[in-house]
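Participant: have a look at this fold, sequence not included:
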């Protein structure tokens, strides 16, 4: 199990990618997910979600409120990937 993070700074440290701000986190999240997920910083946590290209909607936004673990973050990101894939398939297989 991964370490529990209690702040955005701890989140950055625990990720271990040398990111300095939310733009870098969101850029890496977008780049390394199949669905082009985004990550937003909020006062009390982070949010992950995705806009599905070609659809008039996006996935559910998953908010993680401090404290949470990186395992929690990656589980939410996995849910976003699955949901984005389902939406894309529904829109493009009609």
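Facilitator: Noted; the coordinates are in hand. None of the values given here were measured: they were computed from a predicted structure. Numbers count the residues shown, from 1 in each chain.
Participant: residue contacts, residue 83?
Facilitator: 50, 59, 60 (Cβ atoms under 8 Å, 6 or more residues apart in numbering). Any C-beta I mention is one placed from the backbone N, CA and C, and that applies to glycine too.
Participant: no no, residue 46
Facilitator: Residue 46 is in contact with 8, 11, 22, 25, 39, 40, 63, 64, 73, counting by Cβ under 8 Å, 6+ apart.
Participant: buried only: go through those residues for me.
Facilitator: Neighbour-count burial (16 or more other Cβ atoms under 10 Å) applied to those gives 8, 11, 22, 25, 39, 64, 73.
Participant: ok, back up a step: could I have the PyMOL command that selects the buried members from the contacts of residue 83?
Facilitator: The buried subset of these, as determined by 16+ other Cβ under 10 Å, is captured in PyMOL by this line:
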select buried, resi 50+59
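Participant: just give me the closest of the contacts of residue 83 to residue 93.
Facilitator: Relative to residue 93, the closest of the contacts of residue 83 is residue 59; by Cβ to Cβ it sits at 17.6 Å.
Participant: state whether residue 41 is indeed within a helix.
Facilitator: No. Going by DSSP: H, G, I helix; E, B strand; the rest coil, the assignment for residue 41 is strand, not a helix.
Participant: what comes up buried for stretch 52-70?
Facilitator: For stretch 52-70, by 16+ other Cβ under 10 Å, it's 52, 58, 59, 62, 64, 66, 68, 70.
Participant: state the distance from the residue lying closest to the first one once chain neighbours are set aside to residue 35.
Facilitator: If the residues on either side of it in the chain are set aside, residue 52 comes closest to residue 87, at 4.5 Å by Cβ to Cβ, 6 or more residues apart in numbering. Residue 87 sits 9 Å away from residue 35 when distances are taken as Cβ to Cβ, to the nearest Å.
Participant: cool, and residue 2?
Facilitator: From residue 2 across to residue 35, the span is 22 Å (Cβ to Cβ).
Participant: name whatever forms a beta bridge with the residue most central in space within the chain.
Facilitator: Using Cα atoms, centre = their mean, the residue of the chain that lies closest to the mean C-alpha position is residue 48, 3.1 Å off. With DSSP bridges as the criterion, residue 48 is bridged to residue 39, residue 62.
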